[in-house]
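*Asks:* Here is a sequence together with a model predicted from it:
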Amino acid sequence: MNTKEQINQQLNQLNEEQLNQVADFIAFLKFRENSIKPNLDTEKLAQLYQEFAEEDRQLAEEGINEYADLLTQEDRL
């Protein structure tokens, strides 16, 4: 007999209050699984990456230019 069959057998022997507790525990297990390992849609992430890649590149270039300017100012001090 596998685990699922054993659990089903034991569930059939529980009263209503105990079944409610089991249901609460199952909900807790599902919640914990989702909070530990969130579902990430890799296709959506790839789409967002492509959508914002050019903007990200531009911001990075602006940032490095600003950083270089700050270093130049620092050298003058």
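*Replies:* Sure, I can see it.
*Asks:* can we go C-alpha only for contacts and neighbour counts from here?
*Replies:* OK.
*Asks:* need the longest helix for this protein.
*Replies:* helix 42-76 (DSSP state H).
*Asks:* elements contacting that one?
*Replies:* For helix 42-76, not one helix or strand is in contact under the criterion 3 or more Cα pairs under 8 Å, 6 or more residues apart in numbering; DSSP states H and E.
*Asks:* Contacts for stretch 15-22 next, please.
*Replies:* residue 11 (Cα atoms under 8 Å, 6 or more residues apart in numbering).
*Asks:* now it: mean pLDDT?
*Replies:* For stretch 15-22, the mean per-residue pLDDT is 95.
*Asks:* Show me what counts as buried in that stretch.
*Replies:* Within stretch 15-22, no residue counts as buried by 16 or more other Cα atoms under 10 Å.
*Asks:* Would you pull up how far it lies from the middle of the chain?
*Replies:* 31 Å (Cα atoms, centre = their mean, to the nearest Å).
*Asks:* what about stretch 29-45, start to end distance?
*Replies:* Length of stretch 29-45, first residue to last, Cα to Cα, to the nearest Å: 27 Å.
*Asks:* Can you give the distance from it to the centre of its chain?
*Replies:* Using Cα atoms, centre = their mean, the offset of stretch 29-45 from its chain centre is 5 Å.
*Asks:* I'd like the average pLDDT over it.
*Replies:* pLDDT averaged over stretch 29-45 gives 82.
*Asks:* again, but for stretch 57-68
*Replies:* The model assigns stretch 57-68 a mean pLDDT of 85.
*Asks:* which residues are in contact with it?
*Replies:* By Cα under 8 Å, 6+ apart, stretch 57-68 touches no other residue.
*Asks:* CA atoms of that stretch as CSV?
*Replies:* The C-alpha coordinates for stretch 57-68 follow below in CSV (Å, rounded to 0.1, in the frame of the first residue of the first chain):
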residue,chain,number,x,y,z
ARG,A,57,22.0,49.7,-21.7
GLN,A,58,21.4,53.4,-22.1
LEU,A,59,21.0,53.9,-18.3
ALA,A,60,24.2,52.0,-17.7
GLU,A,61,26.1,54.1,-20.2
GLU,A,62,24.8,57.3,-18.6
GLY,A,63,25.7,56.0,-15.2
ILE,A,64,29.2,55.1,-16.2
ASN,A,65,29.7,58.5,-17.9
GLU,A,66,28.5,60.2,-14.7
TYR,A,67,30.8,58.0,-12.6
ALA,A,68,33.8,58.9,-14.9
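*Asks:* Kind regards, and thank you for your time.
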